[in-house]
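S.K.: Give me coordinates for this.
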Amino acid sequence: MTPVKDLLYLPGGVLLRTGQLLLIISQLALVIFFFRQKRKAATLIPAVLHYLTGFLLFAFLLNLTADVFLDGRPRTDWPWILAIGSLPWLVILCAELISAFLLFFGFRDLLRYRKRQPLPEAVKETVDLLPVGVCFGDPSGEVQLSNLRMNDACRQLTGQDLSDADLLWNAVSAGENQNGRFIIRTERGQTLLFSRKDVRVDQEPKVQITASDITELARVRESLSSQNEKLKDIQYRLKAYQVRAADMLVAQEKLSARIEVHDSLGSLLLHCRYYLENPGAVKEDDLLEMIQRTNRYLLQEAEEQAGRRDPFRKALRIAEGIGVQVKTEGRIPEDEELLNILGLAVSECAANTVKHAGGSELQVTIQENPEESEENKAETAGNNPGTGAASDNLRIALTNNGTPPDHPVVETGGLLSLRRKVEEAGGQMTILTEDGFLLILILPQNKTRKRTSTPPATHS
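M.R.: Purely as a prediction, here's the structure:
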């Protein structure tokens, strides 16, 4: 069989050298791919050895072609080069086929690895397609990976491209805080929820910032919140209606009783007239009993009428009917104007306790002639600077056990009507929300008004 040295200058030798050149180029590309993918040593070392073996074989073939034989004389006495030149050409061909076979399996492993472990470019494209904004960076703030949505959000918030994660988070921190997450409403009408957490990637600390588009969720939330407010108002109205319905039923029954008494009173007057005309025809005991029974009912009705005119008692009944327990401390004023204002204040605060604060108790503290103090000055001079508690004033403070308001109270409806009543009476009204809801009324008392002699007590 023809040795390799005799085939090198023939077409077969050219094919062997060309095939080996293509093999070492492919082997070098495979080694570079393995390096870029940071493959393990068990995969990388065999690929490097395969490349070096192929490169040496190609170098020997070139040496045999150009340098080993010149005019039939060898230029080197290296026995292993001479031995390769003496090998049959089929041995070199088989070696190249085996190398090509190994190279095929190497590229197949490369393709399978790329399917399992995508390249950074593929990761970037995939991250850009995410429906949420994503940003990864160092604890120092340097951004290492971000997608298009996060870049767009950063431009809307800061007016700059995303290059500093700390700058982005400082802008986000100005939003509405939700347990460490922040809600931001952009100029485009979007509502974004930003969150931040520390993660570890390849045992290195990283910072992950995400931005979720919750525009639709926020719209539904606001709609539900508005509907809940309406339901609370309807619930309050239903409970108040139950109280008023019971009063209407009692009033209807009393009206029927009055009609009967009216009829009885007419009959009594006829009996009295008949008795005056015919004294001997009527029994005096029966007539006297009819007169006493009618007088007792009329006196009882007069007392109930006086009690029904007390707006404060009526407000207590309504508050109890809607599920609010009213606790009072101090003397209840007897003046009709002050009672009207007190009843209106209790009714409005009880309604707001149910509708807005979700509470169940209302504390009413009444003080006569409160002492002037720095705290009272700050509370009572809020609307009229320079005015403090007078020497003959009535201070009424109302607070509840519900959730404190998270924004300044807007005076509309009942509160606005209450303020007008208070100012018409020459008083002042202040609403404080710093440490919970607190309504303070300062009402002037006429020195000639009659006051109760009952000692201070706590009522509920």
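
S.K.: Please, where are all the strands along the stretch 1-150 of the chain?
M.R.: In chain order, the stretch 1-150 of the chain shows strands spanning 69-70, 73-74, 133-137, 143-146, with DSSP state E, counting those that start in this stretch as the criterion.

S.K.: nope, the stretch 201-350 of the chain is what I was after
M.R.: Shown for the stretch 201-350 of the chain, the strands assigned by DSSP E, counting those that start in this stretch span residues 204-213, 325-329.

S.K.: got those as TSV, with distance to residue 314 and mean neighbour count columns?
M.R.: C-betas here are computed from N, CA, C, even on glycine. Shown next, in TSV, are the strands of the stretch 201-350 of the chain (distance: least, CB to CB, whole Å; neighbours: other CB atoms under 10 Å):
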stretch	distance to residue 314	mean neighbour count
strand 204-213	52	17
strand 325-329	12	17
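
S.K.: mind checking which of these is nearest residue 165?
M.R.: Put simply, out of the strands of the stretch 201-350 of the chain the one that sits nearest residue 165 is strand 204-213, at 6.0 Å, with distance taken as CB to CB.

S.K.: Identify the residues contacting the spatially most central residue of the chain.
M.R.: With the centre of the chain defined as its mean C-alpha position, the nearest residue by CA atoms, centre = their mean is residue 178, 4.7 Å away. Residue 178 makes contacts with residue 193, as judged by CB atoms under 8 Å, 6 or more residues apart in numbering.

S.K.: Contacts for stretch 49-60 next, please.
M.R.: Identification of contacts with stretch 49-60 by CB under 8 Å, 6+ apart yields 17, 20-21, 23-24, 27-28, 30-31, 81, 84, 92, 95, 99, 102-103, 106.

S.K.: Of these, keep whichever come out buried.
M.R.: By neighbour count, with 16 or more other CB atoms under 10 Å, those hold 17, 20, 23-24, 27, 30-31, 81, 84, 92, 95, 99, 102-103, 106 as buried.

S.K.: What is the most widely separated pair among those?
M.R.: Checking the buried ones among the contacts of stretch 49-60 against each other with CB to CB, the farthest-apart pair comes out as 81 and 106, at 28.2 Å.

S.K.: before we move on, back to that, show me what the residue nearest to the centre of the chain bridges to in the sheet.
M.R.: In this structure, residue 178 has beta-bridge partners residue 181, where bridges are defined by DSSP bridges.

S.K.: Then residue 195?
M.R.: Counting by DSSP bridges, residue 195 forms beta bridges with residue 210.

S.K.: Identify the residues contacting it.
M.R.: Remark: with contacts taken as CB under 8 Å, 6+ apart, residue 195 is in contact with 180, 181, 209, 210, 212.

S.K.: quick one: which of the residues you listed is nearest residue 328?
M.R.: Distance to residue 328, by CB to CB, is smallest for residue 180 among the contacts of residue 195, at 42.6 Å.

S.K.: Can you classify residue 440 as helix, strand or coil?
M.R.: Look at residue 440: counting by DSSP: H, G, I helix; E, B strand; the rest coil, its state is strand.

S.K.: Tell me how many other residues surround it.
M.R.: Around residue 440 there are 19 other residues, counting by other CB atoms under 10 Å.

S.K.: My understanding was that it contacts residue 422; is that so?
M.R.: No - under the criterion of CB atoms under 8 Å, residue 440 lies out of contact with residue 422, with a separation of 10.3 Å.

S.K.: so what sits against both of those two?
M.R.: Residues touching both residue 440 and residue 422 (CB under 8 Å, 6+ apart): residue 429.

S.K.: Redo the contacts of residue 195 as TSV? Include pLDDT.
M.R.: Rendered in TSV, the data for the contacts of residue 195 read as follows (pLDDT from 0 to 100):
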residue	pLDDT
180	85
181	89
209	90
210	91
212	88
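
S.K.: which one of these sits closest to residue 417?
M.R.: Proximity to residue 417 was ranked across the contacts of residue 195 by CB to CB; first place goes to residue 181, at 40.8 Å.

S.K.: Touching, residue 210 and residue 130? I think so.
M.R.: No - checked against CB under 8 Å, the pair residue 210 and residue 130 is beyond contact range at 9.3 Å.

S.K.: show me where this protein has helices.
M.R.: Along the chain, the stretches classed as helices by DSSP state H are 4-7, 11-36, 41-63, 79-86, 89-116, 120-128, 148-158, 165-172, 215-277, 284-308, 311-321, 336-352, 374-380, 414-424.

S.K.: could you give the angle of the last one to helix 336-352?
M.R.: With axes from the mean of the first three to the mean of the last three CA atoms, to 10 degrees as the criterion, the two stretches helix 414-424 and helix 336-352 enclose an angle of 160 degrees.

S.K.: got the buried residues for helix 414-424?
M.R.: Neighbour-count burial for helix 414-424 flags 415, 418, 419, 421, 422 (criterion: 16+ other CB under 10 Å).

S.K.: and of the helices of the chain, who's closest to residue 401?
M.R.: Across these, residue 401 has its closest neighbour in helix 336-352 (11.8 Å, CB to CB).

S.K.: quick one, the closest one and strand 325-329 angle?
M.R.: Counting by the same axes, to 10 degrees, helix 336-352 points 140 degrees away from the direction of strand 325-329.

S.K.: got the angle between helix 336-352 and helix 311-321?
M.R.: Here helix 336-352 points in a direction 10 degrees away from that of helix 311-321 (the same axes, to 10 degrees).

S.K.: Domain ranges for the chain, per the record?
M.R.: What the record gives for the chain is the domain set 4-117, 121-213, 219-308, 311-459, from automatic domain parsing.

S.K.: show me where pLDDT drops low in the stretch 251-400 of the chain?
M.R.: Under the criterion of pLDDT under 70, the regions of the stretch 251-400 of the chain flagged as low confidence span 251-258, 260-265, 268, 271, 274-275, 280-282, 286-287, 295-310, 370-391.

S.K.: Could you list the low-pLDDT ranges of the stretch 51-200 of the chain?
M.R.: If you take pLDDT under 70 as the line, the stretch 51-200 of the chain has these spans: 66-82, 85, 118-119.

S.K.: do that again at 80, thanks
M.R.: Within the stretch 51-200 of the chain, the segments meeting pLDDT under 80 span 59-89, 114-126.

S.K.: count of residues packed around residue 355?
M.R.: Neighbour count for residue 355, taken as other CB under 10 Å: 20.

S.K.: And the strands in the stretch 351-460 of the chain?
M.R.: If DSSP E, counting those that start in this stretch is used as the criterion, the strands of the stretch 351-460 of the chain fall at 361-368, 393-400, 428-432, 438-444, 458-459.

S.K.: Redo these as a markdown table? Include distance to residue 170.
M.R.: Listed next are the strands of the stretch 351-460 of the chain as a markdown table, based on distance: least, CB to CB, whole Å:
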| stretch | distance to residue 170 |
| --- | --- |
| strand 361-368 | 43 |
| strand 393-400 | 38 |
| strand 428-432 | 33 |
| strand 438-444 | 36 |
| strand 458-459 | 52 |
